[in-house]
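Visitor: One predicted model, sequence on top.
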Amino acid sequence: MAKKESAGIVLYRYRDSRLEIFLVHPGGPFWKNKDSGAWSIPKGEFEPGEDPLKAARREFHEETGFLVDGSFNLLTPVRQAGGKVVHAWAVQGDCEAESIKSNSFILEWPPRSGQRKTFSEVDRAGWFSLELARDKILKGQLKLLDELERMLKDA
């Protein structure tokens, strides 16, 4: 089985001189009541041979409805608990978190019920201080925030 890889965007901005990170909360019944350690950067899988940055930008659009542009800074890939490798780019930008429009997926729910329901890939998004983002984000993506912080301090 091929190794699963995802590509994503670490969008950041400054509000009142304070760094804020844009994160999304996964949709669907499994994540419904989870908060701390459940949020993610907007990301998604890409195919072998596909340009990862192009995939990251596509996935950002699919999960939020927003286009992202700017100076993309490649971060060191991270491996999540399930083994998936996440390639990410940091870029400064802005969007209205409360106005996201996400793609959807179909899932048999409840399990083994024969009923198929549609859920949003992302059910909400938000801007978080770096400290709060560290609490919200999946633990496997924490190193992305650490690297972003170092990158911005060195700039």
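Guide: That came in fine, so what should we check first?
Visitor: Which single strand of this protein contains the most residues?
Guide: Secondary structure of the chain per DSSP state E: the longest strand is strand 5-15.
Visitor: if I read this right, residue 24 contacts residue 124, doesn't it?
Guide: Yes: checked against Cβ atoms under 8 Å, the pair residue 24 and residue 124 is within contact range at 7.4 Å. In short, each C-beta sits where N, CA and C put it, glycine included.
Visitor: quick one: pLDDT of the closest residue to residue 14 other than its chain neighbours?
Guide: In space, and not counting its chain neighbours, residue 14 is closest to residue 20: 7.1 Å by Cβ to Cβ, 6 or more residues apart in numbering. pLDDT for residue 20: 98.
Visitor: if you go through the protein in chain order, where are the helices?
Guide: 52-64, 130-136, 142-154 (DSSP state H).
Visitor: Could you dump those helices into a markdown table and include distance to residue 120?
Guide: Listed next are these as a markdown table, based on distance: least, Cβ to Cβ, whole Å:
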| stretch | distance to residue 120 |
| --- | --- |
| helix 52-64 | 9 |
| helix 130-136 | 18 |
| helix 142-154 | 23 |
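Visitor: In a markdown table, list the ones you listed along with mean neighbour count.
Guide: A markdown table is the format used below for the helices of the chain (neighbours: other Cβ atoms under 10 Å):
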| stretch | mean neighbour count |
| --- | --- |
| helix 52-64 | 20 |
| helix 130-136 | 16 |
| helix 142-154 | 15 |
